[in-house]
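S.K.: This is the structure alone, sequence omitted:
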């Protein structure tokens, strides 16, 4: 993507041409974006590695294209990445083939198209269940986690990219701002984890719980369009012809020396099944 400074007077024609030049979104890979942020108190991959061993059997729920899960592969024994989206799993299988060509042991990581709310695995199948930036269905996660196993999840907070989402009239979860519930929807809510364990007759200990909300900078207009298009953010889906004026407004109102300023809101939860 272009490294030029953000122009704040972009027209429809300029934004349309920029949108047409961007790479396609593949898997769950946001690496084409140019971004920066203020310091944060944790790194997801560093946190997860603390709870893995070379013998761990790991499930990654909502794996997308497997980009993040494959980064963790050297830290565990066997892993399954699950996602309900066929295209993302196709990208994940291409990614694992490339990783194996680069030295990842064959068969260490596999990817399957699986709905998040029904995991077709026996009770107690996994030493660790990971979930990053995806809906969470605690009943199934509790069921497939072994005694002594860990559930590690990093969630996108409701206030994430607020200055951008507000212009499109939605929350970070894609819900219309008008009438949006004050609490996260069931598929996003991680606060009831203890209740879910107890209801299933299992004990759990919250090992870590944290949250941050820091300044986040989108460095150029192309990165902004890539993000909005990848998430299909506006209600009804993103269309450059219908939404170029909102993009222009965001760029005009929120551009500063470090780029288009917004925020990154994340939550972290680590639970051990007793």
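M.R.: Great, that's in hand. Since we're looking at a predicted model, the values are computed, not measured. Residues are numbered from 1 along each chain as shown.

S.K.: Just the pLDDT for the residue nearest the centre of the chain.
M.R.: Taking Cα atoms, centre = their mean as the criterion, residue 133 is the residue nearest the geometric centre of the chain, at 2.9 Å. On pLDDT, residue 133 comes in at 93.

S.K.: now do residue 189
M.R.: At residue 189, pLDDT is 56.

S.K.: what does residue 117 give?
M.R.: Reported pLDDT for residue 117: 88.

S.K.: picking up where we left off before, disregarding residues adjacent in the polypeptide, which is nearest to the residue nearest to the centre of the chain?
M.R.: residue 156 (5.2 Å; Cβ to Cβ, 6 or more residues apart in numbering). C-beta: built from backbone N, CA, C; applies to glycine.

S.K.: residue contacts, the residue nearest to the centre of the chain?
M.R.: Taking Cβ atoms under 8 Å, 6 or more residues apart in numbering, we find residue 133 in contact with 28, 62, 154-156.

S.K.: what's the weakest-modelled helix or strand in this structure?
M.R.: In the chain, no helix or strand scores lower on mean pLDDT, DSSP states H and E than helix 193-199, which sits at a mean of 73.

S.K.: What are the buried residues along it?
M.R.: 193, 196-197 (16 or more other Cβ atoms under 10 Å).

S.K.: Go through these and say which is closest to residue 175.
M.R.: residue 193 (22.0 Å; Cβ to Cβ).

S.K.: how near is that closest one to residue 130?
M.R.: Distance of residue 193 to residue 130, computed by Cβ to Cβ, to the nearest Å: 14 Å.

S.K.: same check, this time on residue 196
M.R.: 17 Å.

S.K.: how many neighbours does the residue nearest to residue 133 have?
M.R.: Residue 156: 18 surrounding residues under other Cβ atoms under 10 Å.

S.K.: Please apply the same query to the one 4 residues further on.
M.R.: Here the neighbour count serves as a burial measure; for residue 160 (other Cβ under 10 Å) it reads 20.

S.K.: Residue 267 is in contact with that one, correct?
M.R.: No - under the criterion of Cβ atoms under 8 Å, residue 160 makes no contact with residue 267, lying 10.0 Å away.

S.K.: would you list every one of the helices in the stretch 51-200 of the chain?
M.R.: Under the criterion DSSP state H, counting those that start in this stretch, the stretch 51-200 of the chain contains helices at 67-72, 86-101, 138-144, 162-168, 193-199.

S.K.: buried ones in the second one?
M.R.: When burial is assessed from 16+ other Cβ under 10 Å, helix 86-101 yields the following buried residues: 88-89, 91-93, 95-96, 99-100.

S.K.: so can I have JSON lines of those residues showing pLDDT and distance to residue 231?
M.R.: JSON lines is the format used below for the buried residues of helix 86-101 (pLDDT from 0 to 100; distance: Cβ to Cβ, whole Å):
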{"residue": "88", "pLDDT": "97", "distance to residue 231": "13"}
{"residue": "89", "pLDDT": "98", "distance to residue 231": "19"}
{"residue": "91", "pLDDT": "98", "distance to residue 231": "16"}
{"residue": "92", "pLDDT": "98", "distance to residue 231": "19"}
{"residue": "93", "pLDDT": "98", "distance to residue 231": "23"}
{"residue": "95", "pLDDT": "98", "distance to residue 231": "20"}
{"residue": "96", "pLDDT": "98", "distance to residue 231": "24"}
{"residue": "99", "pLDDT": "98", "distance to residue 231": "26"}
{"residue": "100", "pLDDT": "98", "distance to residue 231": "30"}
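
S.K.: Could you single out the nearest of the residues you listed to residue 164?
M.R.: Of all these, residue 164 sits closest to residue 88, with 23.1 Å by Cβ to Cβ.

S.K.: where does the stretch 51-200 of the chain have low pLDDT?
M.R.: Residues of the stretch 51-200 of the chain that meet the criterion pLDDT under 70 lie in 179-192, 194.

S.K.: run the last query once more with 80
M.R.: Scanning the stretch 51-200 of the chain for pLDDT under 80 picks out 178-200.
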